[in-house]
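**Student:** Give me coordinates for this.
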Amino acid sequence: MLKNTPLRGRLRPAWLLAACASLSACDKLVVLNPAGDVAAQQGQLVVTATLLMLVIIIPVIFLVLLFAWKYRQNNTSAEYDPDFHHSTKLELVIWSVPLMIIIALGTITWISTHKLDPYRPLDRIDAQRPLPADVAPLEVEVVSLDWKWLFFYPEQGIATVNELAAPVDRPIHFKLTSSTTMNAFYVPDLAGMIYTMPGMQTELNAVINKAGVYDGLSSHYSGQGFAGMHFKFHGLPQAGFDAWVQQAKAEGKPLDKAAYLQLEQPSERDPVQRFSSVQADLYHRILNRCVQDGQACMHETMAMDAKAHAKTATE
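**Tutor:** Model (predicted):
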């Protein structure tokens with residue numbers, strides 16, 4: 001399976017609040033009170049960083065107002081020292097406090113960047129519960145299309161358009177790619193955004209801890225139909241998820257190469273679609289850009305190029 005390690009999508013927790021605020025369909029407070037453990041850790045990181053920065057911001061604002069009042073033009077009793085040029089104590093305060101805050105922010109950022117790496121498998125369900133050793137993650141393969149989302153469930157053998165579901169408290173392992181343009185997958189209650197890119201695969205590990213229906217969207221502009229590229233994410237009890245899968249199998253239609261090529265055509269604000277079965281290698285072909293007959297798969301081309309290069313190097 002082709003995987004883009006150098007350019008892989010990275011979560012950007014410090015951007016989440018600003019990104020959410022710019023999207024009218026997004027509940028602005030969900031970033032600080034999400035329903036998933038990964039998103040909760042990212043929200044706490046935003047709060048911690050903000051509080052640390054306020055250690056400087058609040059005193060600076062207070063002192064600006066104080067100095068403006070104390071040294072106003074009509075306050076003739078204020079001390080006036082036109083020859084002042086240096087204070088060791090003042091220099092220590094000015095430089096040491098911001099330096100300590102920068103060190104603290106840098107340490108927290110370094111730890112969180114590794115701890116919340118989207119490629120890193122989860123080691124806990126939430127802050128109070130570690131992940132049991134016998135719990136396997138739910139595998140979901142995601143393809144961003146123009147302008148809709150396609151979700152594959154390889155374990156269940158189904159697929160959906162613009163609808164995502166997962167059991168509560170079960171880790172989810174997403175594999176993501178794109179059919180055409182670069183995009184970004186984002187469920188604010190679940191985890192931070194992760195890029196999707198054609199011919200490349202990114203990954204995201206997350207978990208939902210509360211049952212409910214949550215908003216999902218594209219957080220990266222991708223063309224004319226971008227504004228309607230939304231979907232619903234259903235956090236369900238295990239029994240509810242099993243019933244959802246059975247409903248897809250009973251009501252859906254097969255998804256093969258021909259059906260996918262028709263689905264791939266640009267369209268806007270598509271309704272939810274469910275597919276009862278999926279051609280076995282379809283996601284693999286989408287990732288390697290060889291869905292149509294006669295197209296050479298990228299991984300095969302790259303393997304032949306590598307073999308030819310190795311042969312040339314030994315001659």
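
**Student:** thought F152 was touching E141?
**Tutor:** Yes. Counting by CB atoms under 8 Å, F152 does reach E141; the two are 3.8 Å apart. To be clear about C-beta, it is placed using only N, CA and C from the backbone, and glycine gets the same treatment.

**Student:** Now do the shared contacts for those two.
**Tutor:** Common contacts of F152 and E141 (CB atoms under 8 Å, 6 or more residues apart in numbering): Y283.

**Student:** what's the span of stretch 208-221 from first residue to last?
**Tutor:** This stretch, stretch 208-221, spans 26 Å end to end (CA to CA, to the nearest Å).

**Student:** Now that stretch: buried residues?
**Tutor:** For stretch 208-221, the neighbour count (16 or more other CB atoms under 10 Å) marks I208, N209, Y214, D215, G216, L217, S218, S219, H220 as buried.

**Student:** R124: what's it in contact with?
**Tutor:** For R124, the contact set (CB under 8 Å, 6+ apart) comprises D37, P130, L131.

**Student:** Just the buried subset of those, please.
**Tutor:** D37, L131.

**Student:** could the contacts of R124 be laid out in a markdown table, adding distance to T109, pLDDT and secondary structure?
**Tutor:** Shown next, in a markdown table, are those (distance: CB to CB, whole Å; pLDDT from 0 to 100; DSSP: H, G, I helix; E, B strand; the rest coil):
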| residue | distance to T109 | pLDDT | secondary structure |
| --- | --- | --- | --- |
| D37 | 19 | 94 | helix |
| P130 | 25 | 95 | strand |
| L131 | 25 | 93 | coil |
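
**Student:** Among the contacts of R124, which one lies nearest to H284?
**Tutor:** The closest of the contacts of R124 to H284 turns out to be L131 (CB to CB; 28.0 Å).

**Student:** So which of the buried residues of stretch 208-221 belong to helices?
**Tutor:** Judged by DSSP state H, these include no members of helices.

**Student:** Among these, which one lies nearest to I101?
**Tutor:** Nearest to I101 among the buried residues of stretch 208-221: S219, at 29.2 Å, using CB to CB.

**Student:** was I right about that closest one contacting M182?
**Tutor:** No. In terms of CB under 8 Å, S219 does not count as a neighbour of M182; the distance is 11.7 Å.

**Student:** In the buried residues of stretch 208-221, which has the lowest confidence score?
**Tutor:** Lowest pLDDT within those is found at H220 (88).

**Student:** Kindly confirm whether my reading is correct that that residue touches M182.
**Tutor:** Yes. Between H220 and M182 there is a contact under CB under 8 Å: 6.6 Å.

**Student:** anything in contact with each of these two?
**Tutor:** Common neighbours of H220 and M182, using CB under 8 Å, 6+ apart, are Y195.

**Student:** What are the boundaries of the strands in the protein?
**Tutor:** Secondary structure of the chain (DSSP state E): strands located at 124-126, 129-130, 138-145, 148-153, 158-161, 163-167, 172-178, 183-186, 194-196, 202-206, 212-218, 230-236, 253-255, 273-278.

**Student:** With adjacent residues omitted, what lies nearest to R170?
**Tutor:** L138 (5.5 Å; CB to CB, 6 or more residues apart in numbering).

**Student:** I figured that neighbour was touching F152, is that so?
**Tutor:** No. In this structure, L138 is not within contact of F152 by CB under 8 Å, at 11.7 Å.

**Student:** between the two, who's got more neighbours?
**Tutor:** F152 (22 against 19; other CB atoms under 10 Å).

**Student:** ok, the more buried one - contacts?
**Tutor:** Counting by CB under 8 Å, 6+ apart, F152 touches V140, E141, V142, V143, A159, V278, L282, Y283.
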